[in-house]
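Peer 1: Structure for this input, please:
(2 chains)
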Protein chains: 2
Amino acid sequence: MKDKVLFPVDKLVDFSNGLLVKVGLTPDESAIVTDTMILGDLRGVKSHGIVRLETYLQRIECAVMDPRARMSWERNSGAIALLDAGNGFGQLAGTMAMKEAMRMAGLYGIGMVAVRNSNHFGIASYYSMMAMDKGMIGAVMTNASPAMAPFGTITPLFGTNPLSVAIPAGSEKSIVLDMSMSLVARGKIRYAELTGQKIPEGWALDEHGNPTTDPIKALKGSLVPIGGAKGSGLSLVVDILCGLLTHSSRTGEVKNITDVSGPALTGHVFVAINISHFLPLAEFKNSLDQTIQQIKKLQPKNAGDRVYMAGEIEHELLEKQQREGISLDGDVVQALNALAERYNSPKLSQ
Amino acid sequence: MKDKVLFPVDKLVDFSNGLLVKVGLTPDESAIVTDTMILGDLRGVKSHGIVRLETYLQRIECAVMDPRARMSWERNSGAIALLDAGNGFGQLAGTMAMKEAMRMAGLYGIGMVAVRNSNHFGIASYYSMMAMDKGMIGAVMTNASPAMAPFGTITPLFGTNPLSVAIPAGSEKSIVLDMSMSLVARGKIRYAELTGQKIPEGWALDEHGNPTTDPIKALKGSLVPIGGAKGSGLSLVVDILCGLLTHSSRTGEVKNITDVSGPALTGHVFVAINISHFLPLAEFKNSLDQTIQQIKKLQPKNAGDRVYMAGEIEHELLEKQQREGISLDGDVVQALNALAERYNSPKLSQ
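Peer 2: Numbers count the residues shown, from 1 in each chain, chains lettered A, B, ... in the order given. The predicted structure follows:
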């Protein structure tokens, strides 16, 4: 691995937009896709950061993702809707879907929009936070390619199937839960593979069901679900909601982002809950503030440690990187610049 | 522990109804509360079975739960509602709430009903299965008294905060996930305490944060969340939705069922999703059947083992016990009969 390089946020934004417009996105669309990747980097989820540009563009090159997809409402009535993403960018479908869920929540108190025939959408919390920023509770889930063996089996079939819930606080940092149903996200293992690092034991099993610290073997094997049968059951529920309810794909059919043998067939679900339909928003925020303060005052496990709420570490990292810039591994910079060269787009400069 | 005794289901139903009517429930109300407890026993969740009669009646005796509570709609518009349970039986509030969520889902595709000022409601899957039985997806969560320490701390504050999701299949057994956010439900530890058994190491920590196999020490200490920070985060989300969004109670304020120093202040959330708003129900059920068949055909971890889906073991136990009767521990029978004697109600007979 080469040395890390620090980039101001706007340099990365320009770089990403330059490339995305080359493959056919409008400036508005490019801005959304770039925004999700930058947020991934800013919040420390590097696996869903700008490093993903390479795989997105590869999917377009191989004609298994359509950058000019027309999205269409297959169903839209009352407080639910089903959006066909037309095999376009998951980020564009996701943004459109969460906006619609929020519109419905404004009318009915809750809105649920499912998306079919989509692709990888970046970090789930990008969308849950859209609702949070408007005083709503946002919940988002997506299916993903096979990574975990259903409880009691050894064959990876379920995706890590992340769930994000974002809830607005007042004076305290808002709650942003963003978690996969595996002990660790597969993206962390993919990032370890890319940067040549080992993974801690306990994260994953090899293809024979044995523990491994080799990210390459882990990616061929399976990830361990949280709570055994519980995490396995939660993954199944996400697969059913995102894949079957959207008639997008059955369990196990979603393609890995690096598998260019066909469309990814990803499905997502977006839910917005309008807090003010239940109680005045200020009252809710105030009671969440008090709850957060109460938890942060508890005795820490290790004397002197800070107690962190869900999303707090990521938020602090975001603020730091917004000030100081985003640090990328040398290998990643090299790969991105090779990509820029291929597309005749400006390279990354500090 | 005394020997186990086998009771036909209808004997337990009559016994429970006899007692509940004595404390002021109407026959219709009594039937609902009894039904939830019997379903708990039938599905093998004995901690939420008829053994709970004693604690429910104790709460009524101590005037910290109102068997004649008037429930009232605090908010009800569009696809959301907020029900004030008036400190009555959680089962009565829960049934009313899930019915309303299903009515809304019939109109708008989704319905969400939150309940405040309630009490223990039995097994969460009782309500999620109400929706499932009508071709909907049911999701239910409830807060509970402090049991788990927020991640990074040693003080139990979060409840185990169970979540149930029930999803209708066609020819296969339907999916019924019913799980707490702790590695094991506190009810299992309470049942071990009641029946004088030890618990396996890894389930819980004592009050100093050390592992314990003593259920009494575990009940004074804390339960371990699934996936560390993930289970802790999920618990917080349930606490926020059930406690803060309902302005029912703040994190940590819900009373243990055996704590008669005041009302329990429990909150619940019920969601129904109308599948036929997304695609024809038969088509959905057919694709879920195929998914279930696909998973059950996977190579099991241990050669020759069956692969079970969420809720399948519980369903088979239910069918067996419906045929053969429900087995109760001798100690439980003794306690129930002492209760009947106190209320001048007929005792249990085989």
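Peer 1: Give the burial count for the closest residue to A:W203 other than its chain neighbours, as a bare number.
Peer 2: Nearest non-adjacent residue to A:W203, counting by C-beta to C-beta, 6 or more residues apart in numbering or on different chains: A:V184, 4.9 Å away. (Each C-beta comes from the backbone N, C-alpha and C, glycine too.) Neighbour count for A:V184, taken as other C-beta atoms under 10 Å in any protein chain shown: 22.
Peer 1: A:A192 is in contact with A:V184, correct?
Peer 2: No. Contact criterion C-beta atoms under 8 Å: A:V184 and A:A192 do not qualify, at 9.8 Å.
Peer 1: which neighbours do those two share?
Peer 2: A:I199 (C-beta atoms under 8 Å, 6 or more residues apart in numbering or on different chains).
Peer 1: Please report how far A:S180 lies from A:E193.
Peer 2: 17 Å (C-beta to C-beta, to the nearest Å).
Peer 1: quick one, longest helix in chain A?
Peer 2: helix A:90-108 (DSSP state H).
Peer 1: Helix B:90-108 and that one, what's the angle between them?
Peer 2: 110 degrees (axes from the mean of the first three to the mean of the last three C-alpha atoms, to 10 degrees).
Peer 1: Check which element follows helix A:90-108 along the chain.
Peer 2: Scanning forward in sequence from helix A:90-108 by DSSP states H and E, the next helix or strand is strand A:110-118.
Peer 1: Tell me which helix or strand comes right after that following strand.
Peer 2: Taking DSSP H and E, what comes next after strand A:110-118 is helix A:125-132.
Peer 1: now check that following helix, is it near chain B?
Peer 2: No. Counting by C-beta under 8 Å from any C-beta of the partner chain, chain B has no neighbours in helix A:125-132; the shortest distance is 10.8 Å.
Peer 1: Could I get the full set of strands for chain A?
Peer 2: A:4-7, A:72-77, A:80-84, A:110-118, A:136-142, A:163-167, A:175-179, A:204-205, A:222-223, A:266-274, A:326-329 (DSSP state E).
Peer 1: and the last one, which strands flank it?
Peer 2: Using DSSP bridges, the strands paired with strand A:326-329 in its sheet are strand A:4-7 (antiparallel).
Peer 1: Same question for the second one.
Peer 2: Strands flanking strand A:72-77 in the sheet, each with its direction: strand A:80-84 (antiparallel) (DSSP bridges).
Peer 1: Pull the partner strand out as CSV, backbone CA atoms only.
Peer 2: This file holds the C-alpha atoms of strand A:80-84, laid out as CSV (Å, rounded to 0.1, in the frame of the first residue of the first chain):
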residue,chain,number,x,y,z
ILE,A,80,-46.8,3.4,-0.7
ALA,A,81,-45.1,3.3,-4.1
LEU,A,82,-43.0,1.0,-6.2
LEU,A,83,-40.3,2.6,-8.4
ASP,A,84,-38.7,0.7,-11.3
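Peer 1: Next, the angle from that strand to strand A:266-274.
Peer 2: Going by the same axes, to 10 degrees, strand A:80-84 makes 150 degrees with strand A:266-274.
Peer 1: Go through strand A:80-84 and flag the buried ones.
Peer 2: Within strand A:80-84, the residues that qualify as buried are A:I80, A:A81, A:L82, A:L83, A:D84, counting by 16 or more other C-beta atoms under 10 Å in any protein chain shown.
Peer 1: what's the answer for stretch A:9-20, then?
Peer 2: So stretch A:9-20, judged by 16+ other C-beta under 10 Å, has buried residues A:V9, A:K11, A:L12, A:V13, A:F15, A:S16, A:N17, A:G18, A:L19, A:L20.
Peer 1: Contacts only, for the fifth one.
Peer 2: By C-beta under 8 Å, 6+ apart, A:F15 lies in contact with A:I50, A:L336, A:A340, A:S345, A:P346, A:K347, A:L348.
Peer 1: Farthest-apart pair in the residues you listed, please.
Peer 2: The largest separation in the contacts of A:F15, counting by C-beta to C-beta, is between A:I50 and A:P346 at 14.2 Å.
Peer 1: More neighbours: which of these two?
Peer 2: A:I50 (24 against 13).
Peer 1: Please name the nearest non-neighbouring residue to that one.
Peer 2: A:M37 (4.8 Å).
Peer 1: count of residues packed around that neighbour?
Peer 2: 25.
Peer 1: That one touches A:E54, doesn't it?
Peer 2: No. Counting by C-beta under 8 Å, A:M37 does not reach A:E54; the two are 11.2 Å apart.
Peer 1: near chain B at all, stretch A:91-98?
Peer 2: No. Applying C-beta under 8 Å from any C-beta, one finds stretch A:91-98 separated from chain B by no less than 13.5 Å.
Peer 1: What are the contacting residues of that stretch?
Peer 2: Outside stretch A:91-98, the residues touching it (C-beta under 8 Å, 6+ apart) are A:29, A:32-33, A:36, A:69, A:71, A:81, A:83, A:85, A:113-115, A:118, A:121-122, A:126-127, A:130-131, A:138, A:140, A:268, A:270, A:272.
Peer 1: from those residues, which would you call buried?
Peer 2: Buried among the contacts of stretch A:91-98 by 16+ other C-beta under 10 Å: A:29, A:32-33, A:36, A:69, A:71, A:81, A:83, A:85, A:113-115, A:118, A:121-122, A:126-127, A:130-131, A:138, A:140, A:268, A:270, A:272.
Peer 1: Show me where chain A dips below the pLDDT cut-off.
Peer 2: A:1-2, A:350 (pLDDT under 70).
Peer 1: So which residue of it lies furthest out from the middle?
Peer 2: When each C-alpha in chain A is compared with the mean C-alpha position (C-alpha atoms, centre = their mean), A:A303 comes out farthest, at 33.4 Å.
Peer 1: Relative to B:S232, how far out is that one?
Peer 2: 20 Å.
Peer 1: A:S72 bridge partners, please.
Peer 2: Beta-bridge partners, per DSSP bridges, of A:S72: A:D84.
Peer 1: how much space between it and B:L245?
Peer 2: 34 Å.
Peer 1: out of the two, which sits in the more crowded spot?
Peer 2: B:L245 (26 against 12).
Peer 1: What separation is there between the spatially most central residue of chain A and B:L234?
Peer 2: The residue lying closest to the centre of chain A (C-alpha atoms, centre = their mean) is A:I123, at 2.0 Å. For A:I123, the distance to B:L234 equals 18 Å [C-beta to C-beta].
Peer 1: now swap in A:I80 and tell me
Peer 2: Taking C-beta to C-beta, one finds A:I80 at 24 Å from B:L234.
Peer 1: likewise A:P211?
Peer 2: Counting by C-beta to C-beta - A:P211 and B:L234 are separated by 25 Å.
Peer 1: same question, A:G304
Peer 2: For A:G304, the distance to B:L234 - C-beta to C-beta - is 27 Å.
Peer 1: ok, those two, which is more surrounded?
Peer 2: B:L234 (29 against 5).
Peer 1: Once you drop chain neighbours, what's closest to the more buried one?
Peer 2: Closest to B:L234 by C-beta to C-beta, 6+ apart is B:M181, at 5.0 Å.
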